[in-house]
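**Q** Mind folding the following:
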Amino acid sequence: MMNEKTARAIMLVKAIEVADQHKEVLTDDDRKFASRTARELAHWQAAEQRSASTLPDFLYHRAEQLLKRLAARHKMFASVTQGHSGMWGASWLLPLAALLVGGMAERFGDPHRVDVLSMPLLGIIAWNLLAYLLLVLWALLPARRAGLRRGLANRMALGSGHIPRRLPHALAGGVLQFMVDWARLGARLNMARIARILHWSAAAFATGAILSLYVRGIVERYATGWESTFLEPGHVYRLLSLLFAPAERIFGLEGFTADEVMGLQNWGDAHPGNGARWVNLYAASLLLYVVLPRLVLGAWAAARAIWLRQRFPLDLDQPYFHQLSVSAGGEPGLLRVLPYSLTVDEARSRGLDTVAQEMLGEQARVRLLPPVAYGSEAPALESGEGVTNAVLFGLAATPEQENHGVFLAALGKGRKLVALLDQSALAARMDTSRLSERIELWREFCILHGAEPKVVDLLAPAEAHGNAA
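**A** Model prediction:
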């Protein structure tokens with residue numbers, strides 16, 4: 001497990017290194033020095049804590065070393081390493097603004113009256129009850145809320161998403177890719193933070209309305225009454241009886257009768273001495289319906305945000321991290337390849353060795369399994385530490401749901417799977433545009449069935465097209 005700060009540094013460096021293919025921003029010497037220093041720091045830290053050195057510790061120390069170098073070379077880059085999310089200011093500005101606006105909610109009416117049918121106060125209660133209903137529906141319909149949740153979290157994840165000017169092209173590209181990746185990875189954490197802000201802002205708004213009622217009551221004398229074009233006294237009595245019943249029972253506040261409600265109809269008959277009674281009823285109701293529930297929901301969201309921040313969900317089972325695990329002192333990675341309706345000759349076998357080294361590091365090994373015939377059922381593939389399972393398809397074939405799709409779905413169930421898409425049989429006899437269309441077709445097909453596509457040319461691995469996640 002790693003915290004948010006550690007994951008952020010690691011993902012920022014990962015995006016930059018992947019974008020910097022020609023090593024213009026971070027040279028080989030930079031990367032080797034960072035790996036060597038990080039390995040020493042991770043071992044020293046483990047010795048101090050009397051525990052084993054871990055890959056996350058190595059990755060974080062390495063990322064720190066590289067980020068310091070980049071910040072020293074590119075002054076504008078320092079703002080990226082210290083960036084705050086768009087919620088950093090909103091977490092205290094919105095509740096404060098809500099408190100002030102709530103304090104003015106009742107000032108739209110007569111300052112010397114307590115309206116029994118106060119639209120601002122009734123509106124606050126009604127809106128929050130509707131919000132609770134929407135929260136229940138939100139929880140019951142996860143598929144429908146996924147798009148909105150992702151969009152809202154992505155929007156606020158990195159604030160304005162500003163990329164500093166005058167950065168090298170590779171560095172700017174890496175920062176941009178990091179923003180996309182980080183918004184996706186931090187969606188759950190950011191949604192918890194958004195929920196905390198909204199709940200506590202709602203509680204602050206209602207608190208401001210309560211404080212306004214009592215502060216004005218100190219220097220002014222309230223008169224109580226009501227009037228309505230459509231409601232009769234009996235309707236108002238039943239509405240207020242239902243509204244104030246919890247406050248009367250929990251706080252022991254004095255209730256009222258139908259005759260009293262009738263006597264308050266029309267402001268001409270209002271009595272200046274009974275304002276405190278209605279202020280107490282409204283304040284207690286706001287406390288029960290809005291303030292306390294929102295504080296509890298906000299505390300739950302805050303606890304969830306803290307938990308996610310300390311246990312940030314970063315998947316280290318990726319080729320980039322497999323390569324670095326060897327530098328950290330881990331075992332070389334193993335690429336287990338299962339060809340589907342494809343024969344791998346000696347030349348293509350050597351190409352697989354190059355692909356494995358590119359994916360998992362220079363010391364990576366390949367285990368080539370016997371090919372599976374077209375239409376056969378998927379065999380069981382064991383998972384293991386440092387093992388990457390891959391199925392090898394030839395791009396000369398057209399993906400079919402009933403064969404390739406069923407095979408991928410069964411093979412990748414509950415485990416990570418890479419789909420190697422070999423273009424060597426088509427590269428020489430198909431024009432570029434048609435080959436690109438075939439590659440895109442296979443990529444979308446693999447992603448749809450839960451596999452990570454990687455385009456390779458086993459006869460010329462260095463010239464293969466890039467992969468897509």
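
**Q** Contacts for the helix or strand where Arg8 lies, please.
**A** Using DSSP states H and E, Arg8 sits within helix 4-19. By CB atoms under 8 Å, 6 or more residues apart in numbering, the surrounding residues in contact with helix 4-19 are 2, 25-26, 31, 56, 59-60, 62-64, 66-67, 70, 80-81, 170-171, 173-175, 177-178, 181-182, 185-186, 189, 308-310, 312, 314, 320. To be clear about C-beta, it is placed using only N, CA and C from the backbone, and glycine gets the same treatment.

**Q** Show me the residue at the heart of this protein, geometrically.
**A** Ala187 (0.7 Å; CA atoms, centre = their mean).

**Q** State the distance from it to Ile194.
**A** Here the criterion is CB to CB, to the nearest Å. By it, Ala187 lies 10 Å from Ile194.

**Q** Output the below-cut-off pLDDT ranges for the stretch 1-150 of the chain.
**A** Within the stretch 1-150 of the chain, the stretches with pLDDT under 70 are 83-88, 106-112, 142-150.

**Q** one more time with 90
**A** 1-2, 18, 21-22, 43, 45-55, 75-92, 103-121, 137-150 (pLDDT under 90).

**Q** Spell out the residue ranges of the strands in it.
**A** 113-115 (DSSP state E, counting those that start in this stretch).

**Q** what about Lys75, how many neighbours?
**A** By other CB atoms under 10 Å, 10 other residues sit near Lys75.

**Q** Distance of it relative to Gln65?
**A** Remark: distance between Lys75 and Gln65 (CB to CB) = 18 Å.

**Q** repeat for Ser53
**A** Ser53 is 16 Å from Gln65, by CB to CB.

**Q** likewise Ala425?
**A** 43 Å.

**Q** now the helices for the stretch 351-469 of the chain?
**A** 406-411, 432-448 (DSSP state H, counting those that start in this stretch).

**Q** State the mean pLDDT of the last one.
**A** Confidence over helix 432-448, taken as the mean pLDDT, stands at 91.

**Q** Identify whichever of the helices of the stretch 351-469 of the chain lies nearest to Gly375.
**A** helix 406-411 (8.7 Å; CB to CB).

**Q** Could you list every helix and strand in contact with the closest one?
**A** Other helices and strands packing on helix 406-411, by 3 or more CB pairs under 8 Å, 6 or more residues apart in numbering; DSSP states H and E, are strand 387-394.

**Q** got a list of what Pro399 touches?
**A** Phe393, Gly405, Leu441, Trp442, Phe445.

**Q** could you redo the last one with a cut-off of 10 Å?
**A** 393, 405, 408, 419, 421, 438, 441-446, 448-449 (CB atoms under 10 Å, 6 or more residues apart in numbering).

**Q** re earlier: which one of Ala425 and Gln65 is surrounded by more residues?
**A** Gln65 (20 against 17).

**Q** For stretch 400-419, buried residues please.
**A** The neighbour-count check on stretch 400-419 (16 or more other CB atoms under 10 Å) flags His404, Phe407, Leu408, Ala409, Leu411, Gly412, Lys416, Leu417, Val418, Ala419 as buried.

**Q** Check pLDDT for these and point me to the minimum.
**A** For the buried residues of stretch 400-419, the pLDDT minimum is Gly412, 79.

**Q** Just want the phi and psi numbers for that residue.
**A** Phi and psi for Gly412, reported as degrees, to the nearest 10, are phi -90, psi 0.

**Q** give me every residue that touches it.
**A** Ala378, Leu381, Asn389, Val391, Val418, Ala419, Cys446, His449, Gly450, Ala451, Glu452.

**Q** need these in CSV with distance to Trp300, can you?
**A** Putting the contacts of Gly412 into CSV (distance: CB to CB, whole Å) gives the following:
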residue, distance to Trp300
Ala378, 42
Leu381, 40
Asn389, 39
Val391, 43
Val418, 38
Ala419, 40
Cys446, 39
His449, 37
Gly450, 32
Ala451, 37
Glu452, 35
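
**Q** Select from those residues every entry located in strands.
**A** Among those, the ones falling in strands (DSSP state E) are Asn389, Val391, Val418, Ala419, Glu452.

**Q** So the nearest residue to the second one once chain neighbours are set aside: helix, strand or coil?
**A** Yep, that's Val391 we're talking about. Nearest residue to Val391, sequence neighbours excluded (CB to CB, 6 or more residues apart in numbering): Leu338, at 5.0 Å. The three-state assignment at Leu338 reads strand, by DSSP: H, G, I helix; E, B strand; the rest coil.

**Q** show me what contacts Pro339?
**A** Per CB under 10 Å, 6+ apart, neighbours of Pro339: 348, 352, 368-372, 390-394, 420, 422.

**Q** Show me what it is bridged to.
**A** Leu392 (DSSP bridges).

**Q** any idea how far Tyr374 is from it?
**A** From Pro339 to Tyr374 the distance is 11 Å (CB to CB).

**Q** do Leu316 as well
**A** 35 Å.

**Q** now swap in Glu382 and tell me
**A** Counting by CB to CB - Glu382 and Tyr374 are separated by 24 Å.

**Q** Specify the local secondary structure of the residue nearest to Leu129 when sequence neighbours are not counted.
**A** Nearest residue to Leu129, sequence neighbours excluded (CB to CB, 6+ apart): Tyr289, at 6.8 Å. Here Tyr289 is recorded as helix under three-state DSSP.

**Q** contacting residues for Tyr289?
**A** Going by CB under 10 Å, 6+ apart, the list of residues near Tyr289 reads Ile124, Ile125, Ala126, Asn128, Leu129, Tyr132, Ala206, Leu243, Pro246, Ala247.

**Q** what's near enough to touch the third one?
**A** When you say that, I think you mean Ala126. So Ala126 contacts Met119, Leu243, Tyr289 (CB under 10 Å, 6+ apart).

**Q** Now render these as a markdown table, adding distance to Phe230.
**A** As requested, these are exported to a markdown table (distance: CB to CB, whole Å):
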| residue | distance to Phe230 |
| --- | --- |
| Met119 | 14 |
| Leu243 | 18 |
| Tyr289 | 24 |
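
**Q** Looking at Glu382 and Tyr374, which has the bigger crowd around it?
**A** Counted by other CB under 10 Å, Glu382 and Tyr374 do not tie: Tyr374 has more neighbours, with 13 against 8.

**Q** Please report how far the more buried one lies from Leu286.
**A** According to CB to CB, Tyr374 stands 69 Å off from Leu286.

**Q** do Ala427 as well
**A** Taken as CB to CB, the span from Ala427 to Leu286 is 70 Å.

**Q** Name the residue in these two with the higher neighbour count.
**A** Legend: neighbour count by other CB under 10 Å for Ala427 and Leu286, higher for Leu286 (24 against 17).

**Q** Skip the chain neighbours and tell me the closest residue to that one.
**A** Excluding the flanking residues, the one nearest Leu286 by CB to CB, 6+ apart is Ala206, at 4.8 Å.

**Q** Glu362 now?
**A** Val326 (7.6 Å).

**Q** Give me the angle between the helix or strand hosting that neighbour and strand 387-394.
**A** Taking DSSP H and E as the criterion, Val326 maps to helix 319-327. Per axes from the mean of the first three to the mean of the last three CA atoms, to 10 degrees, the angle that helix 319-327 makes with strand 387-394 is 140 degrees.

**Q** and the angle for helix 319-327 with helix 4-19?
**A** 100 degrees.

**Q** If anything else comes up later, I'll come back, but that's it for now.
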